[in-house]
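S.K.: sequence unknown, structure follows:
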């Protein structure tokens, strides 16, 4: 019985993994069961403060079906006026993964602003891979993103 349950569980995990990688993803990464973009971090702070800053649950704005949180009302208003200028590329999914033709979650502390655009990565170690060929990864991710997103 124990062997059967283990095999069944392994099969379910494989099916779920295949289903999540086979279809297009939502335009904004909010995690599997959430509605909050970039894990609640303030997208504007990356540009204005030069660092990741956790947003306040009370200071928010809805855009593209997701809740975006901000550290200040000023940052919220900046975002609301021009979300495309501040929102991370590839809907806030890992930029390196998108360059590989996949999607993955992010660590809000693994980030870079390149040519005025915000890129997030899965982890600091993945960010090191990203940094190995930023221009090439952006080119590949830009080409892959339209096929990955359900827009």
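M.R.: Nice, I can see it. It should be emphasised that the depicted structure is a prediction, and the values quoted were computed from it without experimental measurement.
S.K.: Please name the nearest non-neighbouring residue to residue 120.
M.R.: Distances taken as CB to CB, 6 or more residues apart in numbering place residue 106 nearest to residue 120, at 4.2 Å, with adjacent residues excluded. Backbone N, C-alpha and C define where each C-beta goes, glycine included.
S.K.: Can you report how many residues neighbour that neighbour?
M.R.: 26 (other CB atoms under 10 Å).
S.K.: gap between it and residue 53?
M.R.: 15 Å (CB to CB, to the nearest Å).
S.K.: could you pull out the helices for the protein?
M.R.: 2-22, 43-48, 73-81, 83-86, 95-99, 124-131, 134-148 (DSSP state H).
S.K.: Can you name the residues that contact the residue nearest to residue 120?
M.R.: 29, 38, 39, 88, 92, 93, 94, 120, 121, 122 (CB atoms under 8 Å, 6 or more residues apart in numbering).
S.K.: okay if I get the residues you listed as a markdown table plus pLDDT and distance to residue 59?
M.R.: Formatted as a markdown table, these follow (pLDDT from 0 to 100; distance: CB to CB, whole Å):
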| residue | pLDDT | distance to residue 59 |
| --- | --- | --- |
| 29 | 97 | 20 |
| 38 | 98 | 14 |
| 39 | 97 | 16 |
| 88 | 98 | 18 |
| 92 | 98 | 18 |
| 93 | 98 | 24 |
| 94 | 98 | 26 |
| 120 | 98 | 20 |
| 121 | 98 | 25 |
| 122 | 98 | 27 |
